[in-house]
Structure formats: structure tokens, C-alpha cells
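**Student:** Here you go, sequence then predicted model.
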Amino acid sequence: MNSVNGAIVMNVQIQIDRLFKLLSDKNRLRIINLLLYKELCVCEIEDIIQTTQTNISHHLAKLTMAGILHQRKQGQWVYYKIDEDFIDRNTLLINYLKNAFGLDELFKNDIEKI
């Protein structure tokens, strides 16, 4: 393997590692689950997940910086949704998560609260 291919492989490994670290947190998974169904603001997510606004904002910032979420501001509110480019690039992962979320009571209960 030449140095260019080695660098590409290393970059892909780093991206995969970062993605799975982000997905290893239950609250971030719950946020992703909600946002797969509807664009929401921080306060709506906070009400459903029942944790602090600071905690939710921290998770949203990480997911946004990673390119998983898209945010838009409307007046004083910031709304979040799953980034369309992320969905297009990760269709298999999104489908897997939707199926897995549908098998778990916690994730199903969250969706019912939307």
C-alpha cells in the first residue's frame, strides 16, 4: 500500500471511529431517533428526554459539528434535524438505526411524545 492509500485508509478509520463514538451515547441516540421523525428545538427535545437543557445542547453541538445534524434559527429558537447529506451518505446506517429504534420501548415511547 502506498502512502496516499495508507493516508486515505487512516482517514476513513478515524471517521468511522468518531462516528461510532458519537453513537455510543444513549441520549445522542435518543436525539437522533427523534430527529429522524421531526425537526425539533432544544426545549422540545429536553421535554421528551427529561434531561437538562445544558446536556441536550452539549449533545446537539457534538452531533452538529460531526455533520449529523443541521440547525436553522427562527427568531429566538434553533431547530434541529438530521442533515440531508448525512442521510444520503449513510442510508444503510439510517435504515439500521430506524429498525433498531423501532424494537426498543424507550425509543418508541420517545416518538409517541412528539
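**Tutor:** It's in.
**Student:** in the protein, which residue is closest to the centre?
**Tutor:** Central residue of the chain (Cα atoms, centre = their mean): Ile32, 3.9 Å from the mean position.
**Student:** next SSE after the strand or helix carrying it?
**Tutor:** Using DSSP states H and E, Ile32 sits in helix 26-35. Remark: after helix 26-35, the chain's next helix or strand is strand 40-41, criterion DSSP H and E.
**Student:** Now do the helix or strand following that next one and helix 26-35, the angle between them.
**Tutor:** With elements assigned by DSSP H and E, the helix or strand that comes after strand 40-41 is helix 42-49. For helix 42-49 against helix 26-35, the angle by axes from the mean of the first three to the mean of the last three Cα atoms, to 10 degrees is 110 degrees.
**Student:** Which secondary structure elements does helix 42-49 sit against?
**Tutor:** Applying 3 or more Cβ pairs under 8 Å, 6 or more residues apart in numbering; DSSP states H and E, one finds that helix 42-49 contacts helix 26-35, helix 53-65, strand 77-82. Every C-beta, even on glycine, is put in place using the N, C-alpha and C of the backbone.
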